[in-house]
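# what would the 3D arrangement of this be:
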Amino acid sequence: LEFSSRGDIAGLDAHKHNVNHAINATAVLYTGLTDLDLQGKIIPGLAESWEPSKDLKSWVFRLRKGALFHNGREIDAEAVRLNIERIKDPKIGGNWERGAIASITKAEVIDRYTVRLHTREPDASVPTAVMHYPTRMIAPDAFDKVAEHPVGTGPFKFVSWTRWNETRLARFENYWETDAEGHSLPYLDELINKPKREDSVRLTALLTGQVGLISNMAQADVARFKKDHSDKYDTWTWHYGGRFLVCNFRRGPFQDKELRKAAAHAINREAIHYTVYYDQGAMADQPYPEGNPWHMEGIKVPEYDPERAKSILKKARAVGTELKL
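Next up, the predicted model:
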């Protein structure tokens, strides 16, 4: 499969550089201790099972026997311990990666296939913190070469990478996972990613047959593409996440609730919806969309009212206040 993504990784060390599973081809080099199914439920990955202590200050993970790194080394508790320690090292681990496991203070080897993760405080979120995004397992005996040739645990193994040009990955013949019928995964022999920053260039690559798949297209092109090319191409609509403004109410001018209210009234959300996203999304009243367990019914965003925003600013004597965005 030859495809084109919008982004590319900054480097090959997946403990140091963010490997976004929705953007970067190298994400398939890895699997985590846990994973997600299509319904968003936590399921086994490299760990077959896990359980917390009664006080939620430690979690025991029992690893899958026989699962291998790409270099043939078995994935055991010692490998997990070394990975956790390497990610937590501020000289190595990136902010995103270290932040995901910040509450984990120690990885303790119980036996070859059992590891206990200790946390600073009671933490129910540990199983989500050790998924392949963001906590990726790298073969410990390949730590010193990871910046040139990463060795992971995923369905594909590394072949080559030239930044903003091409990533080549080959099928890992000893990958542990199978499909529902028992067939070995993955199905493809090779993945080739040719990242292109510009939406128009990426779309042209698809239309001219240079690639068979692109990860996304410009919002302005969606409606026209579906109209002109739906007979030849499949398109999928996916949740790209929300876009919202967050105010710092612990320090700075937005400590004043009235100024937060003024900002809300000053933003023309409908204009943004049509001019930036070309009506390709949904107008949201909160970060969590309908259907999400945290969605709150009855929440309404203040209406666009620039005159009211100006009035609030004048009353608060805040006209001209400098903001850092």
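# could you use CA atoms for every contact and neighbour count after this?
Noted.
# mean confidence for the helix ranked longest in the chain?
In the chain, ranked by residue count with DSSP state H as the criterion, the top helix is helix 77-88. Averaging pLDDT along helix 77-88 yields 98.
# buried set for the following helix or strand past that helix?
Using DSSP states H and E, the helix or strand that follows helix 77-88 in sequence is helix 95-100. Buried residues in helix 95-100, defined by neighbour count with 16 or more other CA atoms under 10 Å: 95-98, 100.
# same thing with stretch 104-111?
Across stretch 104-111, burial judged by 16+ other CA under 10 Å covers 104-109.
# mind checking which of those are in strands?
With DSSP state E as the criterion, strands contain 104-109 from among the buried residues of stretch 104-111.
# so what's the gap between stretch 265-275 and the chain middle?
With CA atoms, centre = their mean, to the nearest Å as the basis, stretch 265-275 stands 27 Å off its chain's centre.
# count of residues packed around the closest residue to Leu82 other than its chain neighbours?
Excluding the flanking residues, the one nearest Leu82 by CA to CA, 6 or more residues apart in numbering is Pro140, at 6.8 Å. By other CA atoms under 10 Å, 20 other residues sit near Pro140.
# surely Pro140 is in contact with Arg81?
No - applying CA atoms under 8 Å as the test, Pro140 and Arg81 come out as separate, 9.7 Å apart.
# now tell me what touches stretch 138-155 from outside.
With CA atoms under 8 Å, 6 or more residues apart in numbering as the test, stretch 138-155 has contacts from 11-13, 28-31, 68-71, 73, 79, 82-83, 136-137, 157-160, 171-172, 175, 185-186.
# give me the contacts around the longest helix of the chain.
Residues contacting helix 77-88 (CA under 8 Å, 6+ apart): 15-16, 63, 92-94, 97-98, 101-102, 106-115, 137-140.
# run through the strands of the stretch 151-300 of the chain in chain order.
156-162, 166-171, 190-193, 213-214 (DSSP state E, counting those that start in this stretch).
# including mean neighbour count and mean pLDDT, could those strands go into a markdown table?
Formatted as a markdown table, the strands of the stretch 151-300 of the chain follow (neighbours: other CA atoms under 10 Å; pLDDT from 0 to 100):
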| stretch | mean neighbour count | mean pLDDT |
| --- | --- | --- |
| strand 156-162 | 20 | 98 |
| strand 166-171 | 20 | 98 |
| strand 190-193 | 20 | 98 |
| strand 213-214 | 21 | 96 |
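# mind putting the ones you listed in CSV, distance to Tyr278 included?
Formatted as CSV, the strands of the stretch 151-300 of the chain follow (distance: least, CA to CA, whole Å):
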stretch, distance to Tyr278
strand 156-162, 34
strand 166-171, 31
strand 190-193, 28
strand 213-214, 19
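# nearest to Arg260, of those strands?
strand 213-214 (39.1 Å; CA to CA).
# what helices or strands is that closest one leaning on?
In terms of contacts (3 or more CA pairs under 8 Å, 6 or more residues apart in numbering; DSSP states H and E), strand 213-214 is packed against strand 2-4, helix 199-207.
# in its sheet, which strands sit next to that strand, and in what direction?
Sheet pairing for strand 213-214, assigned by DSSP bridges, gives strand 2-4 (parallel).
# can you list contacts of the strand it pairs with?
With CA under 8 Å, 6+ apart as the test, strand 2-4 has contacts from 191-196, 202, 210-215.
# recalculate using a threshold of 10 Å.
Residues from elsewhere that reach strand 2-4, judged by CA atoms under 10 Å, 6 or more residues apart in numbering: 23-25, 166-168, 190-197, 201-203, 205-206, 209-216.
# okay, buried residues for it please.
Residues 2-4 are the ones in strand 2-4 that count as buried (16+ other CA under 10 Å).
# in the next helix or strand after it, what's buried?
Remark: after strand 2-4, the chain's next helix or strand is strand 34-36, criterion DSSP H and E. Along strand 34-36, these residues count as buried under the neighbour rule (16+ other CA under 10 Å): 34-35.
# buried ones in the helix or strand following strand 34-36, by neighbour count?
Downstream of strand 34-36, the first helix or strand assigned by DSSP H and E is strand 42-44. Neighbour-count burial for strand 42-44, counted by 16+ other CA under 10 Å, picks out Pro44.
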